[in-house]
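Colleague: Next one to model:
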Amino acid sequence: MSTASMTSSRIFRKLVFASCTAGAALLLFRSIPPMAVNHRPYSPPVHRDGQFSNATKEKYRRSFKFSLEPRSYKRRMPQRFWENKRNERGSEFDFVLLPTKPFCNPEHWLLLVVKSAVAHFNERMSLRNVLAKIKSSQLRIIFVLGKDSSANYNAVQESKFYNDIVVGNFEDTYANLTIKTLLSLKFVTRFCRDVKFIASVDDDVVMSISGIINYITALEANKNVVHCGDHLNKAAKVTRKGKWAIQIAKYDTTYYPPYCNGVCYIMSYEAASALHEMSLVTPSDIPIDDALITGILREKARIDLEKMPRGLCEHHSKR
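Modeller: Reported below is the predicted structural model:
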């Protein structure tokens with residue numbers, strides 16, 4: 001056999017060997033099962049209308065955190081509340097009647113601001129008696145009312161005797177409860193700047209004053225918080241029907257920000273002042289005062305929300 005033939009035979013045998021080796025390797029590779037890798041991006045389960053599923057809602061309820069992003073889950077507010085425009089309802093927040101003597105001084109540590117109805121004189125007397133028994137110069141109480149068109153009540157006489165009545169330039173109706181609360185913030189920021197803490201309460205509340213004092217004693221380190229007394233509503237859905245119905249034109253998103261839903265909440269003067277400043281440039285046409293003050297305004301002012309221990313303040317009906 002010639003040299004050329006031997007060379008060609010060797011080359012052919014090498015090519016055949018290489019081809020067989022590659023084929024065996026390919027068969028071996030194909031016999032290995034593929035890795036179980038899911039390349040599909042995760043997306044939370046949603047319904048057809050774009051709302052989160054119940055499972056996802058429950059997950060967020062269990063691990064709730066107070067994100068301050070305007071568009072985060074369950075904390076979205078309509079854009080008109082984020083815009084800073086002068087509140088056009090200024091005349092309703094004027095004072096018709098104020099205490100005749102200087103009201104607050106640096107000695108006062110806790111101011112109880114009570115939203116009271118005109119006809120609830122007995123409720124006001126009950127709260128006055130509670131504070132009288134404590135006999136603390138660090139506590140002060142003020143009752144905020146609206147005007148009474150029936151002329152069956154003389155606020156001036158009660159104010160002269162107790163010097164703890166504020167009357168605003170609006171009718172004393174349940175629908176004006178938001179205005180009453182905003183007037184309370186205005187009174188605090190104008191006349192009680194030396195007070196350290198403010199408790200906003202209803203006049204039908206049963207309070208543990210000593211318990212509240214013990215609770216807020218340790219709060220001075222963190223002043224940028226509103227403390228809910230009875231219930232912290234983390235996922236309040238906007239109602240479109242019934243007594244608390246809100247038109248979509250006023251509030252076009254599904255949920256309110258988390259807010260204090262109950263008879264009382266406590267905050268520092270700094271927090272109260274921040275809420276008052278926000279109220280001057282934010283629409284106030286939401287009749288649910290807790291949702292507006294401790295929800296919308298608090299969210300806009302970037303103030304945190306916490307829950308107080310049970311039993312510090314409750315409705316009379318719960319006792």
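Colleague: All the helices of the chain, in order from the start?
Modeller: 3-31, 54-62, 79-82, 121-134, 155-162, 177-191, 209-216, 269-279, 289-291, 298-300 (DSSP state H).
Colleague: averaging pLDDT over each of these, which comes out lowest?
Modeller: Note on those: helix 54-62 shows the lowest mean pLDDT, a mean of 38.
Colleague: Convert the C-alpha atoms of stretch 129-136 to CSV, please.
Modeller: Taking Å, rounded to 0.1, in the frame of the first residue of the first chain, the C-alpha atoms of stretch 129-136 are listed here in CSV:
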residue,chain,number,x,y,z
ASN,A,129,-65.5,65.8,87.1
VAL,A,130,-63.0,63.2,86.0
LEU,A,131,-60.3,65.9,85.7
ALA,A,132,-61.3,67.6,88.9
LYS,A,133,-60.8,64.3,90.9
ILE,A,134,-57.2,64.0,89.5
LYS,A,135,-56.3,67.6,90.5
SER,A,136,-53.3,67.8,88.2
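Colleague: And it, what's buried?
Modeller: By neighbour count with 16 or more other CB atoms under 10 Å, stretch 129-136 contains the buried residues 130-131. Every residue, glycine included, has its C-beta placed from N, CA and C.
Colleague: Off-centre distance for that stretch?
Modeller: Centroid displacement of stretch 129-136 relative to its chain, using CA atoms, centre = their mean, to the nearest Å, is 31 Å.
Colleague: try stretch 230-249
Modeller: 13 Å.
Colleague: Only alpha carbons, please: show that stretch as CSV.
Modeller: In CSV, the C-alpha atoms belonging to stretch 230-249 read as follows (Å, rounded to 0.1, in the frame of the first residue of the first chain):
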residue,chain,number,x,y,z
ASP,A,230,-59.7,52.3,70.1
HIS,A,231,-59.1,50.9,66.6
LEU,A,232,-56.5,51.3,63.9
ASN,A,233,-58.2,50.8,60.5
LYS,A,234,-55.5,49.5,58.2
ALA,A,235,-57.7,48.7,55.1
ALA,A,236,-60.8,50.9,55.1
LYS,A,237,-62.6,50.7,51.8
VAL,A,238,-64.3,53.8,50.5
THR,A,239,-68.1,53.4,50.8
ARG,A,240,-70.2,54.4,47.8
LYS,A,241,-73.6,53.8,49.3
GLY,A,242,-75.4,54.5,52.6
LYS,A,243,-74.6,57.0,55.4
TRP,A,244,-70.9,57.2,54.7
ALA,A,245,-71.1,57.3,50.9
ILE,A,246,-68.4,59.2,49.1
GLN,A,247,-68.8,60.2,45.5
ILE,A,248,-66.2,59.0,43.0
ALA,A,249,-65.7,62.7,42.0
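Colleague: isn't Ala235 right up against Tyr255?
Modeller: Yes - assessed by CB atoms under 8 Å, Ala235 is found in contact with Tyr255 at 6.3 Å.
Colleague: Settle it for me: which of those two has more neighbours?
Modeller: Neighbours per residue, other CB atoms under 10 Å: of Ala235 and Tyr255, the larger number sits with Tyr255, 18 against 15.
Colleague: I'd guessed the more buried one sits against Lys237; true?
Modeller: Yes - between Tyr255 and Lys237 there is a contact at 5.7 Å, judged by CB under 8 Å.
Colleague: biggest strand in the chain, by residue count?
Modeller: strand 139-147 (DSSP state E).
Colleague: Next, the angle helix 121-134 makes with that one.
Modeller: 170 degrees (axes from the mean of the first three to the mean of the last three CA atoms, to 10 degrees).
Colleague: Tell me the neighbouring strands of strand 139-147, and mark each as parallel or antiparallel.
Modeller: strand 110-115 (parallel), strand 165-171 (parallel) (DSSP bridges).
Colleague: deepest of the ones you listed, which one?
Modeller: Comparing the strands paired with strand 139-147 by mean neighbour count (mean count of other CB atoms under 10 Å), strand 110-115 comes out on top with a mean of 23.
Colleague: Asp252 and Leu232: what is the separation?
Modeller: Separation of Asp252 from Leu232 (CB to CB, to the nearest Å) stands at 25 Å.
Colleague: no wait, Glu123
Modeller: Using CB to CB, one gets 25 Å for the distance from Glu123 to Leu232.
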